[in-house]
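Trainee: 3D model of this:
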Amino acid sequence: VHPNPSQALSDGPQSLTPHRYQDLMQEMTVIGKTVDH
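Mentor: Residues are numbered from 1 along each chain as shown. Prediction:
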């Protein structure tokens with residue numbers, strides 16, 4: 001996670017913004033609940 005991936009010294013293209021990370025965690029929570037059943 002990086003606040004500005006384009007300015008990251010390394011791994012910028014693989015970095016997530018904090019907002020995108022939050023979205024991803026919400027999506028993963030839904031998937032986790034579905035897979036767990």
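Trainee: buried stuff in the helix or strand where residue 34 lies?
Mentor: Here residue 34 sits within helix 18-35, counting by DSSP states H and E. Judged by neighbour count using 16 or more other C-beta atoms under 10 Å, helix 18-35 contains no buried positions. For every residue, glycine as well, the C-beta is placed using N, CA and C.
Trainee: quick one: that helix to chain centroid distance?
Mentor: Centroid separation for helix 18-35 versus its chain: 8 Å, with C-alpha atoms, centre = their mean, to the nearest Å.
Trainee: cool, and stretch 29-37?
Mentor: Mean-position distance between stretch 29-37 and its chain equals 17 Å (C-alpha atoms, centre = their mean).
Trainee: how about residues contacting stretch 2-17?
Mentor: Stretch 2-17 is contacted from outside by 1, 18, 24, using C-beta atoms under 8 Å, 6 or more residues apart in numbering.
Trainee: may I have the distance across it, first residue to last?
Mentor: Start-to-end span of stretch 2-17 (C-alpha to C-alpha, to the nearest Å) is 5 Å.
Trainee: flag every buried residue along that stretch.
Mentor: Buried residues in stretch 2-17, counted by 16+ other C-beta under 10 Å: 2, 15.
Trainee: tell me how far the residue of the chain positioned farthest from its centre lies from residue 31.
Mentor: Going by C-alpha atoms, centre = their mean, the residue of the chain most distant from its centre is residue 37, 23.9 Å out. In this view, residue 37 and residue 31 are 11 Å apart by C-beta to C-beta, to the nearest Å.
Trainee: quick one: contacts for the residue nearest the centre of the chain?
Mentor: Taking C-alpha atoms, centre = their mean, the centroid of the chain lies closest to residue 21, which sits 2.8 Å from it. Listed by C-beta under 8 Å, 6+ apart, the contact partners of residue 21 are residue 1.
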